[in-house]
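Undergrad: Just need the structure, nothing else, for what follows:
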Amino acid sequence: MRETPRSASVRVVAHTCDDCSSLAYELCASGGLLFIRRTDRSGDQPKIRETERLPHARMRSLWTELLLGRVR
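TA: Below you'll find the predicted structure:
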C-alpha cells in the first residue's frame with residue numbers, strides 16, 4: 001500500500017539550523033493548522049516524524065518551548 005500524504009501542501013514557517021546538528025525541526029503550516037516536523041539525519045536514512053496538527057496559538061507556544069529546550 002502506498003503512503004498517503006497528510007496534506008496537499010505544506011509551508012515551512014520557521015526552522016532550526018540543520019548544519020549544526022543531525023536533528024532539525026520545522027514549524028509547518030497546512031490547512032490552517034500548524035505542526036512540527038522533526039528530521040533525524042544521524043543514520044543512513046533520514047527519519048521524519050510529525051506532531052499532530054494544532055491551532056496556531058497552541059502550536060506556537062509548543063514551538064517556543066522546543067526552542068528553549070523545555071520539550072523534545
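Undergrad: what's the helix or strand for residue 62?
TA: If you go by DSSP states H and E, residue 62 is part of helix 56-67.
Undergrad: Please apply the same query to residue 49.
TA: Using DSSP H and E, residue 49 sits within strand 47-50.
Undergrad: What is that strand packed up against?
TA: Applying 3 or more C-beta pairs under 8 Å, 6 or more residues apart in numbering; DSSP states H and E, one finds that strand 47-50 contacts strand 33-40. To be clear about C-beta, it is placed using only N, CA and C from the backbone, and glycine gets the same treatment.
Undergrad: How about residues contacting the strand it packs on?
TA: 13, 18, 22-28, 46-56, 59-60, 62-63, 66 (C-beta atoms under 8 Å, 6 or more residues apart in numbering).
Undergrad: nearest spatial neighbour of residue 52, skipping sequence neighbours?
TA: Spatial nearest neighbour of residue 52, chain neighbours left out: residue 35 (6.7 Å); criterion: C-beta to C-beta, 6 or more residues apart in numbering.
Undergrad: What about that neighbour, how many residues nearby?
TA: 21 (other C-beta atoms under 10 Å).
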